[in-house]
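Novice: need a structure here:
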Amino acid sequence: MGQFNCLECDRIVSFDVVPRRGFICFKCHVSTVNLGFAYGKEDFHGDTIKQRQDVQMKQASAAGIKAEPVGERWI
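Specialist: Numbering: from 1, shown residues only. Okay, here's the model as predicted:
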């Protein structure tokens, strides 16, 4: 059992085993974690993958290209 002062907020923290993150309290550690959109808001709020695939297939057929979705060619 031990104690340390957080390097960020100077709060006293008790511990059984020294955390791997070092002498930073959990509150300060969590504030540095980014919970944002990994691939951007467009991928999260926009069209689904199937809808984008349908648009690409329509564009390809309009251009005279015989497009085949991945996974359907060898079935």
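
Novice: Now do the same for Tyr39: its pLDDT.
Specialist: Reported pLDDT at Tyr39 in the predicted model: 71.

Novice: neighbours around it, how many?
Specialist: By the criterion of other Cβ atoms under 10 Å, Tyr39 has 7 neighbours. The way it works is simple: take the backbone N, C-alpha and C, and place the C-beta from them, glycine included.

Novice: quick one: contacts for the closest residue in space to Ser14 that isn't next to it in sequence?
Specialist: Leaving aside its chain neighbours, Ser14 sits nearest to Gln3 (5.2 Å; criterion: Cβ to Cβ, 6 or more residues apart in numbering). By Cβ atoms under 8 Å, 6 or more residues apart in numbering, Gln3 lies in contact with 12-15.

Novice: Remind me which helix or strand Gln3 belongs to.
Specialist: Assigned by DSSP states H and E, Gln3 belongs to strand 2-5.

Novice: what does Cys28 give?
Specialist: Short version, using DSSP H and E: Cys28 is in helix 26-31.

Novice: For that helix, what does the pLDDT average out to?
Specialist: For helix 26-31, mean pLDDT is 88.

Novice: Ok, stretch 65-75 next?
Specialist: 74.

Novice: same check, this time on stretch 7-15
Specialist: Stretch 7-15 comes out at a mean pLDDT of 91.

Novice: Return the set of buried residues in that stretch.
Specialist: Val13 (16 or more other Cβ atoms under 10 Å).

Novice: Hmm, Val13 is touching Phe4, no?
Specialist: Yes - in this structure, Val13 is within contact of Phe4 by Cβ atoms under 8 Å, at 5.7 Å.

Novice: Break down this structure into its helices, ranges please.
Specialist: Listed in chain order, the helices of the chain (DSSP state H) span residues 26-31, 41-45, 49-62.
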